[in-house]
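Quick one, structure for this:
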Amino acid sequence: MQFRQQALAKLQSPEELDLPVRLARPQGWLALGVTVVVMAAASVWAVTGSVASTVSAQAVLTHGQGSYLLQSPVSGQVTAVLVKQGEQLPADAPVLRVRTAQGDSVVRTVAAGRVTTLAATIGQIIQTGTNVAAVEKVARAFDPLYATVYVPAENAAAIPAHASVDLTVSSVPTQTYGVLRGHVKSVDRSAQSAQSISAFLGDSQLGQQFTSKGRPVAVLVALDTSASTKSGYRWSTTDGPPFRLDSMTLASGSIRLADQHPVDWLLP
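Just a heads-up that it's a prediction; the model follows:
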């Protein structure tokens with residue numbers, strides 16, 4: 001009953017109908033305007049913007065043709081080591097002399113290159129197929145270096161041609177000299193086994209290391225050159241390190257993947 005009397009009293013006060021109605025406070029209009037502007041900007045960015053992402057993986061600096069493991073074709077005792085580590089050799093050059101049951105035999109290079117590892121010593125007994133040396137297939141010592149980045153196979157399809165790459169070189173202090181610049185030259189679409197990596201790099205340990213989390217894909221990276229640096233390559237700093245780079249140097253590569261438009265992953 002009390003509420004009915006209040007309602008009737010309201011109806012008997014027509015003068016209150018002339019009072020202005022306040023739809024919103026100024027602060028409310030300001031908040032609404034800000035919200036509209038933000039939503040409009042987000043809509044434009046979702047259609048025209050892009051999201052950049054990268055994939056990081058282990059890498060190694062090499063010459064483009066890789067290396068090979070030189071194996072002994074005979075069994076016997078090593079009587080002489082005829083080369084030095086780091087020496088540049090032509091094809092069919094003598095590397096070791098081995099005394100066998102049939103007489104002395106010479107182990108020779110298969111292709112021209114630089115000896116990166118000597119695994120045989122004088123007096124050692126070796127068997128047929130024993131790895132006695134690793135030879136990097138390079139015609140000249142000043143041939144350009146490349147980087148091979150072993151990325152997870154699931155990321156290979158997202159790597160665009162000529163994508164930019166930043167390489168953190170293990171022998172170069174990053175805080176002082178920065179990172180090495182490069183771009184993707186090619187992407188091998190087939191996954192690499194430990195054996196294929198070992199055969200290319202001439203190092204069985206690296207083959208195991210690069211496949212410890214699964215079979216990766218090899219991405220060949222051409223290093224950007226620069227005439228103003230001691231190394232001959234472009235760095236994120238002006239000068240880079242005050243020394244030249246060696247092949248078979250380990251690194252970590254960060255490859256920029258293809259840009260993705262936000263609308264592609266915002267929409268169901």
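
all helices for this protein, in order.
Using DSSP state H, the helices of the chain run over 2-11, 26-48, 174-177, 194-201, 204-210, 262-266.

which residues touch the fifth one?
Right, the one you point to is helix 204-210. Helix 204-210 has contacts (Cβ atoms under 8 Å, 6 or more residues apart in numbering) with 58, 60, 69, 131, 150, 192-199, 201, 216. Using the backbone N, CA and C atoms, a C-beta is placed for each residue, glycine as well.

Leu167: neighbouring residues, count only.
Residues near Leu167, counting by other Cβ atoms under 10 Å, number 23.

One more: Ala218?
Counted by other Cβ under 10 Å, the residues lying close to Ala218 total 22.

Next: Gly240.
Neighbours of Gly240 (other Cβ under 10 Å): 25.

quick one, what contacts Ser75?
Thr100, Ile126, Gln127, Thr128.

Alpha carbons of the longest strand that the chain contains, in PDB - could you do that?
Selection of the longest strand in the chain by residue count, based on DSSP state E, yields strand 180-191. Output of strand 180-191 as PDB, limited to C-alpha atoms (Å, rounded to 0.1, in the frame of the first residue of the first chain):
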ATOM      1  CA  LEU A 180      76.700 -11.800 -38.100                       C
ATOM      2  CA  ARG A 181      74.200 -10.900 -40.800                       C
ATOM      3  CA  GLY A 182      73.000 -13.100 -43.600                       C
ATOM      4  CA  HIS A 183      70.100 -14.300 -45.700                       C
ATOM      5  CA  VAL A 184      68.600 -17.600 -46.700                       C
ATOM      6  CA  LYS A 185      70.000 -19.000 -49.900                       C
ATOM      7  CA  SER A 186      68.200 -22.400 -49.900                       C
ATOM      8  CA  VAL A 187      66.100 -24.700 -47.700                       C
ATOM      9  CA  ASP A 188      66.500 -28.400 -48.000                       C
ATOM     10  CA  ARG A 189      63.000 -29.800 -47.700                       C
ATOM     11  CA  SER A 190      64.100 -33.300 -46.600                       C
ATOM     12  CA  ALA A 191      64.900 -34.000 -42.900                       C
END
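
Now do the same contact list for the closest residue to Arg97 other than its chain neighbours.
Using Cβ to Cβ, 6 or more residues apart in numbering and skipping the chain neighbours, the partner closest in space to Arg97 is Ala80 (4.0 Å). Residues near Ala80 by Cβ under 8 Å, 6+ apart: Leu96, Arg97, Ile122.

Then Gly66?
Listed by Cβ under 8 Å, 6+ apart, the contact partners of Gly66 are Glu136, Lys137, Phe200, Leu201, Gly202.
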